[in-house]
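**Student:** Below is the sequence, then the predicted model.
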Protein chains: 2
Amino acid sequence: MSRKIAVIGYGVVGSGTVELFEMNREKIEKRVGSPIELGYILDLKDFPDSPYADKLVKDFNILLHDPEVEVVVESAGGATFAYSYTRALLEAGKSVVTSNKELVAKKGAELLAIAKEHNCNYLFEASVGGGIPIIGPIYRCLSGNTIQEITGILNGTTNFILTKMIKEQLSFEEALKQAQANGYAEADPTADVEGHDACRKICILGSLAYGKQIDPEKIHCSGISKITMADVDYADVAGYVIKLIGSVKQTNDGRIAAKVCPRLVPKKHMLAHVDDVYNAICVKGDGIGDAVFYGRGAGKLPTASAVVGDVIDALRHKGTNIGVYWQQAEDDMLLPYKDDEAAMYVRVKGEDAQKKCKELSEMFGGLIFLDRRMSKSIEEAAFITPFMKEADIDKSLAILSHSLSIESKIRLL
Amino acid sequence: MSRKIAVIGYGVVGSGTVELFEMNREKIEKRVGSPIELGYILDLKDFPDSPYADKLVKDFNILLHDPEVEVVVESAGGATFAYSYTRALLEAGKSVVTSNKELVAKKGAELLAIAKEHNCNYLFEASVGGGIPIIGPIYRCLSGNTIQEITGILNGTTNFILTKMIKEQLSFEEALKQAQANGYAEADPTADVEGHDACRKICILGSLAYGKQIDPEKIHCSGISKITMADVDYADVAGYVIKLIGSVKQTNDGRIAAKVCPRLVPKKHMLAHVDDVYNAICVKGDGIGDAVFYGRGAGKLPTASAVVGDVIDALRHKGTNIGVYWQQAEDDMLLPYKDDEAAMYVRVKGEDAQKKCKELSEMFGGLIFLDRRMSKSIEEAAFITPFMKEADIDKSLAILSHSLSIESKIRLL
């Protein structure tokens, strides 16, 4: 007897899923143990020339009320229709597989609880890191660990831009134009360059690792649009590259510290070698130590790879909830980022900048001054603070800012 | 009601498993959904001072005939007792979790079939890459892909030695001594340095990816004991590092090409940045493209991390075979390595070596000659052949060997 699946949204992810599924149909059916039928593709657009034109439907109720449909791929995106569709499907006991990071980050706890209650599954490997296996490994292979920290390069667009800035000395604006010309960045690149996309992803990873929903709107998020060639140059001479990093960890008092921001990454760290549109996620656990997962963080077939893997898993676990689960957030669960500690790279400008910074070095408990190759000036200084509470760094910098302009502040990894 | 597990072999892996399990007992029991009882530890030695002295037993039949024992960790090693114990346990419907690469590489097909028949599981995440999640990701997350190739740094000891040779210009012998002093290499380092350990691991990965048992004794395996500083130096100047690489791929005619040997890895390849005792595995699939999995490939707690993850998975799937499976090998399934293609780095010595090699360049279809920093001599030459059938490379080298001594032959990655 064949098993029936359906796809919502025939865009990049939806069509990639169908394509990869047909490429490897024989292997996939062998893995599942029975033939698989693609029952429906739900999309409001028409695709008269598609080989799947006969599968296209416009009415969600057709999927919902077909008792043979076991698993639905939600690749519609957004958190409106996708949310109500996903709820309805899970309540009907149908598993939902998604790449929709917005919905998982916003409504994961609720949807996972519905899946659990109805003995089906809500799976979202494709929502973080494209095709890179990361949700499954954290949930399954590393389930004997206490996860101490997750740090990752989670957005390919910004990593492409930063790679161009570092390796080809392009300005942010020039690098962004190249990313747009290559189709890696959208016409409005805000969601990528300001870190919002990475923010949703680190919240999903943190929710999974710590069992509590982390709201992307409640964590510190800053992007890369203010990174200059001066920062890239100072970092390079000091042995660092600048990367946009999402991070989440649990503090000793059980609170969760999560943020997205550019970081100075030491060149010998594995994440420093992750270039172009690639993503990588470093997971630190009390058993495994550091493990890194690397690959293409986006794209049609890589994302489809994660979706199809989840579809197979959902089919193999019919009637059984796999147990991926996190709870609603608690009040005061998040550590305010100013209470977290960091070492900070700071670049300042103004008259006698070097001299003034050196005079204030002791107040910080000792600063490490950096040098650069290009455009040296006594009216510019850059230094790294000791590892200390961010609020305390800001207090000291406030004094500097009376007479100097603080151009850049970038945390070290 | 509590669930009962047992451990066979209270050495590094067995004791690490118990240690990590106790460290994270609360989380693990939450994940499994019930309390877990460590029922027995089977070991022929006495451990009177162990906090688990009351769990220690010497008679295998106690575990086998306790109907409450659901999952057994086999960390005895070897393929004699471990084999008969594992068979008996699986036939009794108890799942077995192991780090025993020798047994999985030798008897995987048979044991996986027994597990399938008896609705239990034989799981072996810890057998490859220590704690690095790789078996689960290949089997589950990448199950929608056709795996095109797997290449990996699978042995920490040899990677430590090569790192010392590359970064500190130590000779092989000096680096081996350091590895022994650090406890990374055994008094008899043969299994590591001659590639046998890596060979078992790539055979396990290949068996999993292609569904057919690959016998470690039937594939080409060469180690690193003949790598010299001259080779390291030539490689460095040409933009490569030397790494011991296990690789497996499926050829167009459906045969499997697997081997373990040192390779010249381009410095911009992710595997070139994997240093010291770390391991990394690169999986290329038709959906995902390249994905890399990196971490500590050995050690007590990293290996325990993989074991405990599998124990949780086995407990959660009681009475259901997860479906990890491969068949017995077929005749003629393996491509003889001389029929495979490679570009080869070659170093020769003898009178007028440079001149003689240049005269023969055309016979190869053009050679790339390499330069080095140290001890330049006209009596030594090094070159890279075109990408061609290995048998053809050997034919041409045979002519060179009439008048020159062929000191090194290392394939490029």
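**Tutor:** Structure received.
**Student:** Flag every buried residue along stretch A:82-98.
**Tutor:** With burial defined by 16 or more other Cβ atoms under 10 Å in any protein chain shown, the residues of stretch A:82-98 counted as buried are A:82-83, A:85-86, A:88-90, A:92, A:94-98. Where C-beta positions appear, they are placed from N, C-alpha and C, glycine not excepted.
**Student:** Over to stretch A:2-14?
**Tutor:** A:3-10, A:12-14.
**Student:** Stretch A:55-74 too?
**Tutor:** Under 16+ other Cβ under 10 Å, the buried positions of stretch A:55-74 are A:55-56, A:60, A:63-64, A:69-74.
**Student:** can you check stretch A:152-167 too?
**Tutor:** Buried residues in stretch A:152-167, counting neighbours by 16+ other Cβ under 10 Å, are found at A:152-166.
**Student:** next one: stretch A:211-227
**Tutor:** With burial defined by 16+ other Cβ under 10 Å, the residues of stretch A:211-227 counted as buried are A:212-214, A:216, A:219-225, A:227.
**Student:** tell me which parts of the stretch 151-300 of chain A are close to chain B?
**Tutor:** Residues of the stretch 151-300 of chain A lying close to chain B by Cβ under 8 Å from any Cβ of the partner chain are A:270, A:273, A:280, A:285-296, A:299.
**Student:** Which among those residues count as buried?
**Tutor:** A:270, A:273, A:280, A:285, A:287-296, A:299.
**Student:** Skip the chain neighbours and tell me the closest residue to the residue of the stretch 101-250 of chain A found nearest chain B.
**Tutor:** At 2.8 Å from chain B, A:Gly144 is the closest residue in the stretch 101-250 of chain A, using Cβ to the nearest Cβ. Excluding its sequence neighbours, the residue lying closest to A:Gly144 (Cβ to Cβ, 6 or more residues apart in numbering or on different chains) is B:Val308, at 2.8 Å.
**Student:** How far off centre is the host helix or strand of the one you found?
**Tutor:** Element membership of B:Val308 [criterion: DSSP states H and E] is helix B:300-316. The chain centroid and the centroid of helix B:300-316 are separated by 18 Å under Cα atoms, centre = their mean, to the nearest Å.
**Student:** Which residues does the next helix or strand after it contact?
**Tutor:** The helix or strand immediately downstream of helix B:300-316 is strand B:341-342, counting by DSSP H and E. Contacts to strand B:341-342, defined as Cβ atoms under 8 Å, 6 or more residues apart in numbering or on different chains, come from residues B:387-390, B:393, B:411-412.
**Student:** quick revisit: now, the residues of the stretch 151-300 of chain A next to chain B that are in strands?
**Tutor:** A:280, A:285, A:289-296 (DSSP state E).
**Student:** got the end-to-end distance for stretch A:50-60?
**Tutor:** Start-to-end span of stretch A:50-60 (Cα to Cα, to the nearest Å) is 20 Å.
**Student:** ok, now stretch A:89-105?
**Tutor:** Stretch A:89-105 has its terminal residues 19 Å apart, counting by Cα to Cα.
**Student:** Is A:Glu174 inside a helix or a strand, and which specific one?
**Tutor:** If you go by DSSP H and E, A:Glu174 is part of helix A:172-181.
**Student:** Correction: the previous question concerned A:Ile406.
**Tutor:** Going by DSSP H and E, A:Ile406 is in strand A:405-412.
**Student:** Buried residues, that strand. List them.
**Tutor:** For strand A:405-412, by 16+ other Cβ under 10 Å, it's A:407-412.
**Student:** ok, of those, which one's closest to chain B?
**Tutor:** For the buried residues of strand A:405-412, the minimum distance to chain B (Cβ to the nearest Cβ) is 19.9 Å, reached by A:Leu412.
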